[in-house]
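>>> Pasted the sequence and its predicted model underneath.
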Amino acid sequence: MSRRLKTLLNSNQELDPLLAKVQVLLDLQRHFISVAPPYLGQTCRVLGLQKGILSVSVANATIAAKLRQIAPELIPLLQSRVSEVSGIRVKVQVSYDAPPDLRRPRTLSTSAKKALNEFSQGLSDTPLKEALKKIADKKS
C-alpha cells in the first residue's frame with residue numbers, strides 16, 4: 001500500500017476497520033502466494049476469509065481447475081499461519097483488460113536501413129519495392 005494512502009487511512013478513526021480489513025487481505029494474499037506453486041500464486045487474488053473458507057479469484061477455468069485439484073494440499077500449508085482456513089472456494093472472474101505489452105518495438109539499425117534501401121533500388125516497381133522503402137524510411 002502506498003504511504004500516502006496509509007497515512008490518509010491512519011489519520012481517520014472511522015477508516016480503522018477498513019485499514020484492518022485491507023491489512024488482513026494483504027497478509028492472506030502474501031501467505032497464499034508463499035504456499036501456492038509459483039505458476040498459480042501470482043495469478044490468484046485472495047478475496048476474503050469467511051467461516052473458514054478462503055475465497056480466491058482466478059482469471060480462467062484452467063487455473064480454477066488446477067487450484068481446485070491442489071486445494072487439499074494447500075489447506076494444511078495455509079493452516080500453518082491462518083489456523084481458521086478449512087477450505088478454499090475458487091471463483092472465476094474473467095478480466096477483459098488487455099495485459100500490458102512488455103515487448104519493445106523493433107527498430108532497424110542504420111546499416112540494415114541502408115541495406116534495405118540498396119536492395120529495393122535494384123528491384124522493379126512492385127509493391128515489394130514500395131514496402132521495403134517504407135520500412136527503410138521509417139523513423140525509429
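That came in fine, so what should we check first?

>>> now the strands for this protein?
Using DSSP state E, the strands assigned to the chain run over residues 45-50, 53-58, 87-92.

>>> Out of the ones you listed, which gets nearest to residue 78?
Closest of these to residue 78 is strand 53-58, at 6.7 Å (criterion: CB to CB). Using the backbone N, CA and C atoms, a C-beta is placed for each residue, glycine as well.

>>> CA-only coordinates of the closest one in PDB, if you can.
Coordinates of each C-alpha in strand 53-58 appear next as PDB, following Å, rounded to 0.1, in the frame of the first residue of the first chain:
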ATOM      1  CA  ILE A  53     -13.500 -20.700   3.700                       C
ATOM      2  CA  LEU A  54     -10.800 -18.800   1.800                       C
ATOM      3  CA  SER A  55     -12.200 -17.200  -1.300                       C
ATOM      4  CA  VAL A  56      -9.800 -16.900  -4.200                       C
ATOM      5  CA  SER A  57     -10.500 -15.400  -7.600                       C
ATOM      6  CA  VAL A  58      -8.700 -16.600 -10.700                       C
END
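
>>> elements contacting it?
Contact analysis of strand 53-58 by 3 or more CB pairs under 8 Å, 6 or more residues apart in numbering; DSSP states H and E lists helix 16-35, strand 45-50, helix 61-79, strand 87-92 as its packing neighbours.

>>> what sits against the residue most central in space within the chain?
By CA atoms, centre = their mean, the mean C-alpha position of the chain lies nearest to residue 43, the distance being 6.3 Å. The contact partners of residue 43, taken as CB atoms under 8 Å, 6 or more residues apart in numbering, are 58-59, 63.
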